[in-house]
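quick one: sequence plus predicted model below, questions after.
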Amino acid sequence: MDRRLLRDRVVLVSGGTQGVGAAVARAAVREGAAVVVTGRRPEVGEAFAKECGVTYHQTDVADVVSARRSVTDTVARHGRIDGLVNAAGLTSRGTLLDTTPELFDRHIAINLRGPFFLMQAVVADMVRRGEPGAIVNVISSSELGGQPYLAPYVAAKAGLAGLTRNAAHAHRFDRIRINGLDIGWTDTEGEDDTQRRFHDATDGWRERAADGLPMGRLADAAEIADFVVYLLSPRSGVVTGSVIDWDQHVIGGKD
């Protein structure tokens, strides 16, 4: 008997060619799903698709037309979408005082507007077919406050957390479950680039960072991916509208 969590399901993963999104795509394939991943760089996406047995769709989630096309093309190819994961994100730094309107708009476009219209298109297909589905938004524990240098990022991710709850409430009787993960500091190739570009990090930064963390390490993308797959699957039951802390720091805890 095939006990894979996502057997015969179609899953679209935005930002699925690297980092947490790529880990989710791998886990979804392992659990039996037909997976479509999106990303802006064809050379990266096509190589990843060949390696992992997924379909790549060149997409800029900041462009609503491009984002919507990834949904319509997936439906045209597979007949439906059963699950969506919004994993694409922008982490460029900016404080309240130095963020330009252009940087702010870019964060909103990628971290909030893109997920909004991807959800809109996917939910519309699910409602049209009268079939249940599941969506998982990869958010950030920073949406609860975050560091001063993440002002536009926090604004957008806090919006995504609110959107997650709103959409889940709106479509609960359509049997469409929508949840989010507030992930903490995670070891990905994108985080390595961010640390080197914005914080002058050098080789060994992961080990130095781990020394100051409660569990002695950064979060692992593959572990996050397993939980995302669980939330996409029927195994997670009726859970919807939850924004779950995936972090080793306890929100509200004081020493």
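Received it, and whenever you're ready, just let me know what you need. Residues are numbered from 1 along each chain as shown.

report the longest helix in this structure, please.
Using DSSP state H, we find that the single longest helix of the chain is helix 151-170.

each with direction, which strands does the next helix-or-strand element following that one pair with?
Proceeding N to C from helix 151-170, the next assigned helix or strand is strand 176-183, under DSSP states H and E. Paired strands of strand 176-183, with direction, are strand 133-138 (parallel), strand 243-246 (parallel) (DSSP bridges).

hang on, the earlier thing: which other helices and strands does the longest helix of the chain contact?
helix 101-108, helix 114-129, strand 133-138, strand 176-183, strand 243-246 (3 or more Cβ pairs under 8 Å, 6 or more residues apart in numbering; DSSP states H and E). All C-beta atoms are positioned from the backbone trio N, CA, C, and that covers glycine.

those: which one's closest to residue 68?
Nearest of the helices and strands packed on helix 151-170 to residue 68, taken as Cβ to Cβ: helix 114-129 at 5.0 Å.

for that closest one, buried residues please.
114-119, 121-123, 125-126 (16 or more other Cβ atoms under 10 Å).

of those residues, closest to residue 11?
residue 122 (10.4 Å).

just how off-centre is stretch 147-167 within its chain?
Between the centre of stretch 147-167 and the centre of its chain there are 13 Å (Cα atoms, centre = their mean, to the nearest Å).

what of stretch 185-205?
Worked out by Cα atoms, centre = their mean, stretch 185-205 lies 19 Å from the chain centre.

contacting residues around it?
18-20, 91-93, 149, 206, 209, 213, 217-221, 224, 247 (Cβ atoms under 8 Å, 6 or more residues apart in numbering).

got the strands paired with strand 176-183 as JSON lines, with mean neighbour count columns?
Formatted as JSON lines, the strands paired with strand 176-183 follow (neighbours: other Cβ atoms under 10 Å):
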{"stretch": "strand 133-138", "mean neighbour count": "26"}
{"stretch": "strand 243-246", "mean neighbour count": "17"}
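
to residue 47, which of those lies closest?
Nearest to residue 47, of the strands paired with strand 176-183 and by Cβ to Cβ, is strand 133-138 at 22.2 Å.

and the pLDDT at residue 42?
On the pLDDT scale, residue 42 is placed at 95.

no, scratch that, I was asking about residue 45
We have a pLDDT of 95 for residue 45.

same deal with residue 167?
Confidence score, pLDDT, at residue 167: 98.

distance check, the nearest residue to residue 33 once chain neighbours are set aside against residue 207.
Spatial nearest neighbour of residue 33, chain neighbours left out: residue 6 (3.9 Å); criterion: Cβ to Cβ, 6 or more residues apart in numbering. Taking Cβ to Cβ, to the nearest Å as the measure, residue 6 falls 35 Å from residue 207.

which one's more surrounded, the two?
Taking other Cβ atoms under 10 Å, residue 6 and residue 207 do not tie; residue 6 has more neighbours (25 against 10).
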